[in-house]
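>>> Test case, fold it:
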Amino acid sequence: MTDRPDFTNLPSHRLPRRSVFSARRIALMASVVAGLGIAVHGFSPSTSPTDLFSTPAHAQVNNEVKKVERPIGFADIVERVKPSVISVKVNIKEKAASNDDGDDSASPFQPGSPMERFFRRFGGPDGFPGQKGGRSRVVQGQGSGFFISADGFAVTNNHVVDGADKVEVTTDDGKTYSAKVIGTDQRTDLALIKVEGGSNFSFAKLADGKPRIGDWVLAVGNPFGLGGTVTAGIVSASGRDIGNGPYDDFIQIDAPVNKGNSGGPAFDTNGEVMGVNTAIYSPSGGSVGIAFSIPASTVKSVVAQLKDKGSVSRGWIGVQIQPVTSDIADSLGMKKAEGALVAEPQANGPAAKAGVESGDVITSVNGESVKDARELARTIGGLAPGATVKLNVLHKGQDKVVNLTLGQLPNTVEAKADTDNGSGKGASKGTDVPKLGMTVAPANSVAGAGKDGVVVTEVDPKSAAAERGFKEGDVILEVGGKSVSSAGEVRDAINTARTDNKNSVLMRVKSGGQSRFVAVPIAKG
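All right, here's what the predicted structure looks like:
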């Protein structure tokens, strides 16, 4: 092989064609280099190729990389908050002894309820196998909790310690202490316990603000008995109603939680407790990334009362309420489907005494607007019995203000049974209500139906009435805000609504002792 000719000493106009291409390529590379170094001092003819790539341009690239956000680690937060979290172990007698089939995994929820069908409590007394002995058994369960004060007060779930004969807690350093239940609240599923034998426990602070959707969340607890387990996720949603009760206002998180996490804290990135983990959505029983926490604001209110008197007292106005749907709003001439519709005020209750009537819509409490029926229940329940409140009410299309003094919410609310649901037996076939697909008869002509309203004696399964849930035996008390006692009065009220260009007519219906309003669409013509 011969050596390549040396053209370096030739004049530029005599360079071969191949060298011209090489020069162009070098020029292109130089322009790239110049672009990378445009923000620096430039380079002199004496700068070597090595200097071009090792000094100013290289430093500029590194500076840009440093500006990129790096993943956030939680080790510092966990190290600070983990000592405040405890594992809670309970022994329960006799409660399981009544379960004759020997199934220790029986659901704690009412059969057929939404919680029974779709949700699983985790870490309750059914969390671990029971110990059988003769006819009596001791069921051992494990959950989680966390200290809220140095002297040993701790929060957990009501369903973790409900009915417990013995409660023990294990701290993060492995020490075990006895604990006693100070108070429980079934409606929010919270419990306050007092750990005995210590006075300098690490404790967590309940957050003051509300978390935002998308915020980081850390769940710390005792899943499947594996104490001190930490998982991370985000806040997926807020204000969730999972069918557990009128005070549902859960934070939804996707941090993995399982049986045993119940009662444990959900921390924010400030190391404060944003919520108490209480339920998961789980058709299989394991984590599928949907868990629910009780907000810190609710925990503060409930725990303060439990510590003070061992129970929770809630305000009560004595009304049966329901949501305002778009159809109902249209029937009432409302611009927005907001507020809580009073289906029936309880006799001698605070609301009835103050003049609140069926069909009224409560739109605000003490100047704060009411979004829906659940919000009204939570707002009133968060006030103390004996407090005076101002209600803004829409009454027959007119705004009015009602002042009343709150009563105390009864522990149990008995359903009224002043009417038999009725089967239509002994009644005539009734009179047809045109274009609604049902027939009605005066209530006083049907045994057990009472004396007010008209009884539904037949419903066309393909009619508008059937679509709205009407069934044989229902009692229609009002149509379009007017009391009715015959089929003719029902027809007249419907015709009046049609004349007023209403798309639907509002009916107050009693079924199974409970009243509700139903907006039924009106056929035109």
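
>>> What are the buried residues along whichever strand or helix holds Ala351?
Ala351 is part of helix 350-353 when elements are defined by DSSP states H and E. Within helix 350-353, the residues that count as buried by 16 or more other Cβ atoms under 10 Å are Pro350, Ala351, Ala352. For the C-beta atoms, the positions are set from N, CA and C on the backbone; glycine is no exception.

>>> Nearest to Ile213 among these?
If you rank these by distance to Ile213 using Cβ to Cβ, Ala351 comes first, at 34.8 Å.

>>> I'd say that closest one and Leu404 touch.
Yes - between Ala351 and Leu404 there is a contact at 6.5 Å, judged by Cβ atoms under 8 Å.

>>> any common contacting residues for those two?
Listed as contacting both Ala351 and Leu404 by Cβ atoms under 8 Å, 6 or more residues apart in numbering are Ile317.

>>> those helices in the stretch 101-250 of the chain, which residues are they?
Applying DSSP state H, counting those that start in this stretch to the stretch 101-250 of the chain gives helices spanning 114-118, 158-161.

>>> related to what we said a few turns ago, not counting the helix holding Ala351 itself, show me its contacts.
So helix 350-353 is contacted by Trp316, Ile317, Gly318, Val319, Val342, Pro345, Gln346, Val402, Leu404, Thr405, Leu406, Gly407 (Cβ under 8 Å, 6+ apart).

>>> Could you find the lowest-pLDDT member of these?
Among those, Gln346 has the lowest pLDDT, at 87.

>>> Between the two ends of stretch 365-384, how far is it?
14 Å (Cα to Cα, to the nearest Å).

>>> buried ones in it?
Result for stretch 365-384 [16+ other Cβ under 10 Å]: buried residues 365, 370-381, 383.

>>> Now tabulate those in TSV and tack on secondary structure, pLDDT and distance to Ala329.
Output for these, formatted as TSV (DSSP: H, G, I helix; E, B strand; the rest coil; pLDDT from 0 to 100; distance: Cβ to Cβ, whole Å):
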residue	secondary structure	pLDDT	distance to Ala329
Val365	strand	94	19
Val370	coil	91	14
Lys371	coil	90	13
Asp372	coil	87	12
Ala373	helix	87	13
Arg374	helix	85	17
Glu375	helix	87	16
Leu376	helix	91	16
Ala377	helix	88	19
Arg378	helix	86	21
Thr379	helix	89	20
Ile380	helix	91	22
Gly381	helix	87	25
Leu383	coil	89	27
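
>>> And those, which is closest to Phe74?
Checking the buried residues of stretch 365-384 one by one against Phe74 (Cβ to Cβ), the nearest turns out to be Arg378, at 31.8 Å.

>>> In this structure the closest one contacts Asp249, no?
Yes - counting by Cβ under 8 Å, Arg378 touches Asp249, with 6.0 Å between them.

>>> for the helix holding Ala351, the distance to its chain's centre please.
How far helix 350-353 lies from its chain's middle: 30 Å, per Cα atoms, centre = their mean, to the nearest Å.

>>> Can you tell me how far the residue most central in space within the chain is from Val402?
Closest residue to the average C-alpha location of the chain: Arg240 at 2.1 Å, with Cα atoms, centre = their mean. Applying Cβ to Cβ, to the nearest Å, the value for Arg240 to Val402 is 31 Å.

>>> try Thr231
Taking Cβ to Cβ, one finds Thr231 at 48 Å from Val402.

>>> how close does the nearest residue to Val454 once chain neighbours are set aside sit to Lys482?
The shortest distance from Val454 to any non-neighbouring residue, by Cβ to Cβ, 6 or more residues apart in numbering, is to Val440 (4.1 Å). Between Val440 and Lys482 the distance is 15 Å, computed by Cβ to Cβ.

>>> Gly488: how many residues sit nearby?
Residues contacting Gly488 under the criterion other Cβ atoms under 10 Å number 12.

>>> same check, this time on Asp76
Counted with other Cβ under 10 Å, the neighbours of Asp76 add up to 9.

>>> cool, and Thr363?
20.

>>> Quick check: it vs Ala466, distance?
32 Å.

>>> Could you single out the nearest of the buried residues of helix 350-353 to Ser199?
Comparing these against Ser199 with Cβ to Cβ places Pro350 closest, at 44.1 Å.

>>> Mind pulling the model confidence for the closest one?
93.

>>> quick one, strands of the stretch 151-300 of the chain?
Along the stretch 151-300 of the chain, counting by DSSP state E, counting those that start in this stretch, strands occupy 153-157, 166-170, 176-185, 190-195, 216-221, 229-240, 250-253, 265-267, 273-281, 291-295.

>>> The stretch 401-525 of the chain now?
Under DSSP E, counting those that start in this stretch, the stretch 401-525 of the chain gives strands at 407-408, 431-433, 438-442, 454-459, 475-479, 482-483, 504-511, 514-521.
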